[in-house]
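# Pasting the sequence and the predicted coordinates here, then a few questions.
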Amino acid sequence: MTRPSYRSMTKEQLESENLSLINEIETLRKSIKSGPGENQRKFSEILHNLQVHQEELRTQNEELRQAQVNVEQIGQRYRDLFEYSPVGYFIIDDNYAVLDANIAGMGMLGRTKGRIAGKPFLLFVEKSSRQDLDAHFAEVKALRRSSTELWLTPDQGPAFPVILESVQLGDGWGGGWRCLTTAMNITDRKRAELALQESETRFRAIFEQSPLAMQIVDRQSLSRMTNRAWVKLWGDEARAASPQAVLSKIGAEEQLAEGFAGRSVEFPPVLVAGEGDKGEDRWVHGYLYPIRQQGVPITEVALVNEDVTDRKNIELALAERGESLSRQYENLRVLSEISALPPSNSAQRLSEALALARQHLDLSMGMIGRIDGNRLTIEHHSTSPATEIADGTSFDLGGTYCTLAMEQGDVVAITHMALSPYADHPCYRLHGLESYIGAPIYVGASLYGAVSFSSLTPNHRQFDDGDKELLRLLARWIASVLEEDAIRRELARSNIELEQFAYVASHDLRQPLRQISGYVSLLERRYSDKLDAEAHEFIAFARDGATRMDRLIADLLEFSRIGRNAKPVAPVQLGETVNEAIANLSASISETNGRVQVINPLPMVTGNAMDLTRLFQNLIGNAIKYRMEERSPEVIISTEAKAMSHVITVSDNGIGIEPDYFSTIFGVFKRLHTAEKYEGSGIGLAICKKIIDQHNGRIWVDSQIGKGTSFHVELPRGL
Ligand code: ADP
């Protein structure tokens, strides 16, 4: 009989083997009586087996004990794991009461095991989470496990969020239903989630409320998000439509790829044609930029559009305004150029003004017409290219556009005659002028005529208020030139008359005066012995008076002669005229021990040398004459160059003049002293003034009583 190896037997098998061996021994003991030899052998075999058996049993018992120790160790380890786990563990019973809790669990609830054990778990969750907890345990019962987010309330301090995970436990956890519940504090995660949510809400709000139209587009060119402004700008269809539709409207389809390649693109404003009934054309400014996320390739691009129609309209209006301002500026510039035209010859001035304004208006003809009965005569004109029109040509008044301006009393401007209400005007039929701008000219209160500019072609732009104002101002300026011209002519005429009168009067007066003084002398000679002393005295007075009167008349004659027989103007070296004047005065200069110095070279001017010599002779002569008794006269002559003129100054160290008389002294026969004190008639400075006037210059004085006087003479620059 072969037996299996004892080593491979279980304890139970060994025990039953033992039992069968003992039975066998008993059987053997009984049979020993029948055959001792055989039985003896069998018996010792069985005994041996029994010994082996027992040894085996002992070993197994030892192993079992060791295993038990191990199990206990493992149990302790698991117990430690349970106890010291950072996650809160709770064992929950059938009534959802806490049977056990680990340290972390107690920590979470802020209570000792004694205050937790046997208490319903419900006590430790926030009121708002209680329903969730019930549902949680119900689910564990039904499905063996559940996971729920809810809020725990510690003994002290605020509630905090946890994830509750429960698994139903198997039997072996004492009688009844049990589950193991873990609670994990997710305050930090929750906080991060909240922050994310908040920033998401914030982003949404900004995105939605932004006045900029925005769309987020993915790599398939599909719209992911659009905001309100986008819908408002592009309409509802655009929301569903591919962004390409919008990109094509702003002419930037190709650029989307740029965004996905990580580049931002800006599109200059474009005019997008309006659609539908209420669609208006709009200016749209666009941007496109990639939406980057850390460490991830770009999957979305933002398309931003701004309706800049209002801004653009303002810009355009401003540009237009600027253009009109610069035209106004040009108008003013032309006007100032016109008003700066040299005043010498009014006819030339008017023609030049017409040319300047015509060029500025870019029209081919400009003219000043004067009303002459029922005709309009061209007084001045400027044309380009030159036409056959000549000054003096006259037109029937009704056949000119100028009649329109004169009838209306204001500027008439027609940009394109054929399209205007005046298309059937006789002037159009006669001359075919397409553009016209003209203004009436009033000299004083009466209508003189009109100034106008015209062309055979329509004007290249609408005449505006600036052009009209230019014409009004030009008409006024022309009127002032014409008035000035009339006054000048009148003045010249009356001057000639006056001079003639003064000449004739002084010339004719000398004759009777000579007669008077001749007879007074005769009376004295013939009746000398018959007359008494008083009569002689009277005769002397009469002769003196006559002599003085003769002197006055001679002076007046001289005054009236100035300019009458004037030599033609020529270049004059003032240095020479001054030297001549000094030479003429040499006797009185040396008599008074005087000194005349020219301190810088005198310029050359255009004028009459003889008159200019006389001018300096009068000034230097006065400087010597009106000297202070106690000091010798010192005369200094200097010159200063100005942009358009020379100012020559004759200064002395004489008696000076009261400021009250600074202008009166230039009048005829105006004197500040008696002839007894300073001889003279008071004509010298009047002559100076007349000479200077004829040279288009100026003369003035400044002086200090007792210190000296300076006469300044300003003469236009010579050739
Ligand atoms: P007249 O010398 O013959 O009196 P003017 O016309 O030359 O006439 O001068 C007018 C007046 O101006 C003089 O009477 C004199 O009072 C004053 N006057 C002119 N020149 C000078 C001067 N250099 N210094 C002071 N007074 C002057």
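Received, thanks. Numbers count the residues shown, from 1 in each chain.
# switch to C-alpha atoms for all contacts and neighbour counts from now on
Will do.
# Assign the residue of the stretch 301-450 of the chain found nearest the ligand to helix, strand or coil.
Each residue of the stretch 301-450 of the chain has a distance to the ligand, by C-alpha to the nearest ligand atom, and the smallest belongs to residue 344, at 29.5 Å. Three-state secondary structure (criterion: DSSP: H, G, I helix; E, B strand; the rest coil) places residue 344 in coil.
# And the pLDDT at it?
With respect to pLDDT, residue 344 has a value of 70.
# try the one 10 residues further on
If you check residue 354, the pLDDT there is 92.
# which other helices and strands contact the strand or helix carrying it?
Residue 354 is part of helix 346-361 when elements are defined by DSSP states H and E. Other helices and strands packing on helix 346-361, by 3 or more C-alpha pairs under 8 Å, 6 or more residues apart in numbering; DSSP states H and E, are helix 309-339, strand 365-372, strand 375-383, helix 465-526.
# can you redo the ones you listed as CSV with distance to the ligand?
Listed next are the helices and strands packed on helix 346-361 as CSV, based on distance: least, C-alpha to the nearest ligand atom, whole Å:
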stretch, distance to the ligand
helix 309-339, 36
strand 365-372, 46
strand 375-383, 44
helix 465-526, 18
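# Output those in TSV; the columns should cover mean pLDDT and mean neighbour count.
Shown next, in TSV, are the helices and strands packed on helix 346-361 (pLDDT from 0 to 100; neighbours: other C-alpha atoms under 10 Å):
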stretch	mean pLDDT	mean neighbour count
helix 309-339	85	14
strand 365-372	92	23
strand 375-383	90	22
helix 465-526	87	15
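# Now do the SS call for the residue of the stretch 1-150 of the chain found nearest the ligand.
Of all residues in the stretch 1-150 of the chain, residue 128 sits closest to the ligand, with a separation of 116.1 Å (C-alpha to the nearest ligand atom). For residue 128, the reduced secondary structure class is helix; criterion used: three-state DSSP.
# where along the stretch 101-250 of the chain do the strands fall?
Counting by DSSP state E, counting those that start in this stretch, one finds strands in the stretch 101-250 of the chain at the ranges 145-152, 160-168, 178-185, 213-218, 223-226.
# looking at those strands, which is closest to the ligand?
Across those, the minimum distance to the ligand, taken as C-alpha to the nearest ligand atom, is reached by strand 213-218, at 87.1 Å.
# What strands line up against the closest one, and which way round?
The pairing partners recorded for strand 213-218 under DSSP bridges are strand 223-226 (antiparallel), strand 296-307 (antiparallel).
# Give me the neighbour count for the residue of the stretch 301-450 of the chain closest to the ligand.
Residue 344 is flanked by 8 other residues according to other C-alpha atoms under 10 Å.
# Return the backbone torsion pair for it.
Backbone torsions for residue 344, taken as degrees, to the nearest 10, come to phi -50, psi -60.
# what comes up buried for stretch 538-556?
When neighbours are counted by 16 or more other C-alpha atoms under 10 Å, the buried residues of stretch 538-556 are found to be 539, 542-543, 546, 549-550, 552-556.
# how far out from the middle of the chain is stretch 483-493?
For stretch 483-493, the gap between its own C-alpha mean and the chain's C-alpha mean amounts to 52 Å (C-alpha atoms, centre = their mean, to the nearest Å).
# I'd like the buried residues of stretch 538-556 as JSON lines, with distance to the ligand appended.
As requested, the buried residues of stretch 538-556 are exported to JSON lines (distance: C-alpha to the nearest ligand atom, whole Å):
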{"residue": "539", "distance to the ligand": "26"}
{"residue": "542", "distance to the ligand": "22"}
{"residue": "543", "distance to the ligand": "21"}
{"residue": "546", "distance to the ligand": "18"}
{"residue": "549", "distance to the ligand": "14"}
{"residue": "550", "distance to the ligand": "14"}
{"residue": "552", "distance to the ligand": "10"}
{"residue": "553", "distance to the ligand": "13"}
{"residue": "554", "distance to the ligand": "13"}
{"residue": "555", "distance to the ligand": "10"}
{"residue": "556", "distance to the ligand": "12"}
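# Looking at the residues you listed, spot the one nearest residue 635.
residue 555 (25.2 Å; C-alpha to C-alpha).
# thinking again about what came up before, narrow the buried residues of stretch 538-556 to those in helices?
In helices, defined here by DSSP state H, the members of the buried residues of stretch 538-556 are 539, 542-543, 546, 549-550, 552-556.
# how far away is the residue nearest to residue 667 when sequence neighbours are not counted from residue 16?
Once its chain neighbours are removed from consideration, residue 667 has its nearest residue in residue 686; the separation is 5.2 Å (C-alpha to C-alpha, 6 or more residues apart in numbering). To residue 16, residue 686 is 171 Å away according to C-alpha to C-alpha, to the nearest Å.
# which parts of the helix holding residue 354 are buried?
With the criterion 16+ other C-alpha under 10 Å, helix 346-361 contains buried residues 346, 349-359, 361.
# swap in stretch 380-395?
By neighbour count, and taking 16+ other C-alpha under 10 Å as the criterion, the buried residues in stretch 380-395 are 380-383, 394-395.
# Quick one: name the residues of the chain near the ligand.
Within the chain, the positions near the ligand by C-alpha under 6 Å from any ligand atom are 622-623, 626, 654-657, 665, 670-673, 680-686, 709.
# Distance of the closest residue to residue 120 other than its chain neighbours relative to residue 142?
Nearest non-adjacent residue to residue 120, counting by C-alpha to C-alpha, 6+ apart: residue 97, 3.8 Å away. Residue 97 is 18 Å from residue 142, where distance means C-alpha to C-alpha.
# May I see the ones in helices among the buried residues of stretch 538-556 organised as CSV, with distance to residue 200 added?
Converted to CSV, these look like this (distance: C-alpha to C-alpha, whole Å):
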residue, distance to residue 200
539, 128
542, 123
543, 123
546, 119
549, 115
550, 116
552, 110
553, 111
554, 111
555, 108
556, 107
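# Looking at those residues, which is nearest residue 184?
Proximity of those to residue 184, judged by C-alpha to C-alpha, is greatest for residue 556, which lies at 129.5 Å.
# quick one: contacts for the residue nearest to that closest one when sequence neighbours are not counted?
Leaving aside its sequence neighbours, residue 556 sits nearest to residue 506 (C-alpha to C-alpha, 6+ apart; 6.7 Å). Contacts for residue 506 were tallied using C-alpha atoms under 8 Å, 6 or more residues apart in numbering; they are 553-554, 556-557.
# From residue 560, how far off is residue 506?
Taking C-alpha to C-alpha as the measure, residue 506 and residue 560 are separated by 9 Å.
# shaky segments in the stretch 601-719 of the chain?
In the predicted model of the stretch 601-719 of the chain, residues 718-719 satisfy pLDDT under 70.
# What ranges does it have for its helices?
In chain order, the stretch 601-719 of the chain shows helices spanning 609-625, 684-694, with DSSP state H, counting those that start in this stretch as the criterion.
# Which strands or helices does the longest one pack on?
It refers to helix 609-625. Packed against helix 609-625 by the contact rule (3+ C-alpha pairs under 8 Å, 6+ apart) you find helix 574-584, strand 634-641, strand 645-651, helix 684-694.
# quick one, it and strand 634-641 angle?
Here the directions of helix 609-625 and strand 634-641 differ by 140 degrees (axes from the mean of the first three to the mean of the last three C-alpha atoms, to 10 degrees).
# average pLDDT across the helix or strand encompassing residue 15?
According to DSSP H and E, residue 15 maps onto helix 11-31. Average pLDDT, helix 11-31: 79.
# report the angle between the axes of the next helix or strand along the chain from that helix and helix 11-31?
Proceeding N to C from helix 11-31, the next assigned helix or strand is helix 36-84, under DSSP H and E. Between helix 36-84 and helix 11-31, the angle comes out at 160 degrees (the same axes, to 10 degrees).
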